[in-house]
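Chemist: Prediction below, plus the sequence it came from.
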Amino acid sequence: MPTDAQQACFEAGIKFGSLYHQFAGTPVSPRSARSLETAMAEAIGNQPYCESVSVSIDDERVAAAIDHENGYTELTGSLMDVEMRIDYEDVSIRTRMAMRDGYPLMELVDVEESTDAA
């Protein structure tokens with residue numbers, strides 16, 4: 001059986017996979033970035049054990065990626081930073097996705113297990 005910490009990490013992976021693959025390719029511009037951030041965070045926040053989600057789309061990176069007259073580009077991991085907190089049983093984990101060496105890396109930031117004895 002997996003530990004609660006392992007299950008919490010698995011849950012985070014599911015949520016990152018859903019977020020990334022559901023929204024990659026969505027048309028985005030600096031004008032639409034805030035509403036897309038909200039939609040992404042609220043959609044992923046619906047999933048079980050998801051305590052919080054923060055999505056930040058970088059307007060400067062979006063503007064730099066626009067390469068045609070239509071005024072938008074496709075959303076990729078390189079354009080956003082994401083943070084999540086997953087609470088599973090007595091474990092709370094923090095995760096993030098940020099650019100590392102030119103790649104949108106999803107990583108575990110912290111695992112906190114409750115020391116409360118019930």
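Modeler: Good, I have the coordinates.

Chemist: Please make it C-alpha for all contacts and neighbour counts, starting now.
Modeler: OK.

Chemist: Just give me the neighbour total for residue 60.
Modeler: Per other C-alpha atoms under 10 Å, the neighbour tally for residue 60 reads 11.

Chemist: what sits against it?
Modeler: Shown in contact with residue 60 (C-alpha atoms under 8 Å, 6 or more residues apart in numbering): residue 30.

Chemist: Name the helix or strand for it, please.
Modeler: Residue 60 belongs to helix 59-65 when assigned by DSSP states H and E.

Chemist: Quick one: mean pLDDT for that helix?
Modeler: Average pLDDT, helix 59-65: 96.

Chemist: distance between it and the chain's centre?
Modeler: 19 Å (C-alpha atoms, centre = their mean, to the nearest Å).

Chemist: which residues does residue 108 bridge with?
Modeler: Under DSSP bridges, the beta-bridge partners of residue 108 are residue 95.

Chemist: where's it relative to residue 19, distance?
Modeler: Distance from residue 108 to residue 19, counting by C-alpha to C-alpha, to the nearest Å: 16 Å.

Chemist: same thing with residue 93?
Modeler: Distance from residue 93 to residue 19, counting by C-alpha to C-alpha: 17 Å.

Chemist: cool, residue 5 as well?
Modeler: From residue 5 over to residue 19 the distance is 21 Å, taken as C-alpha to C-alpha.
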